[in-house]
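Undergrad: with the sequence up front, the predicted model follows.
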Amino acid sequence: MANPFPFSSGAVLTAAQLNGIGEWTSFTPTFNNVSLGASGTVAGKYAQVNDLVFWQASFDLNGTGSVSGHINMNLPVGTCPVSITYPTSATGWVQPVGSTIYQIMGTPAAGVIWFYGNRADTAYSQIASLVAAVPVTWDANGEFYATGWYELA
């Protein structure tokens, strides 16, 4: 069932409407600056409770994809307030090459979520835009997994 909101004052709610609150819905995430190639995969789901949207998304380049600029993802539903940005409202991990896993974070802004990671080429931890060389240079087998939330505008 899609999001059952809004309810009107005095309405008699059905069991189906009550059970549908926060129900997960599949969506196909659109990742910008990511090319999945011929066999890359992408998956996502979201749940909406009033003005809060919770989401999970992933991609796997599967040997044929690449990353170019700053990775961001279109929101699954609606937009978040332009005047409000959250310090971090998403977390996850990437495995850009080999078996090493790196933590990432994300911040929603308007219609997208921008992702950031710790640079692996510095002596001290530095947060930088998640791009083709951050945290390390991505190869064609890179993977991405994240989850987060945002408030609808």
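TA: That came through fine.
Undergrad: now the helices for this protein?
TA: According to DSSP state H, the chain carries its helices in the segments 15-19.
Undergrad: in contact with the nearest residue in space to S58 that is not next to it in sequence, which residues?
TA: Excluding the flanking residues, the one nearest S58 by C-beta to C-beta, 6 or more residues apart in numbering is Y145, at 4.6 Å. Where C-beta positions appear, they are placed from N, C-alpha and C, glycine not excepted. By C-beta atoms under 8 Å, 6 or more residues apart in numbering, the contact list for Y145 reads Q56, A57, S58, G92, W93, V94.
Undergrad: redo that, cut-off 10 Å
TA: The neighbours of Y145, taking C-beta atoms under 10 Å, 6 or more residues apart in numbering as the test, are 43, 56-60, 91-95, 101, 104.
Undergrad: how about V112?
TA: Neighbours of V112 in contact, by C-beta under 10 Å, 6+ apart: T30, F31, N32, N72, M73, N74, L75, T79, C80, G106.
Undergrad: what do you get if the cut-off is 6 Å, keeping everything else the same?
TA: Contacts for V112 (C-beta atoms under 6 Å, 6 or more residues apart in numbering) come out as N72, N74.
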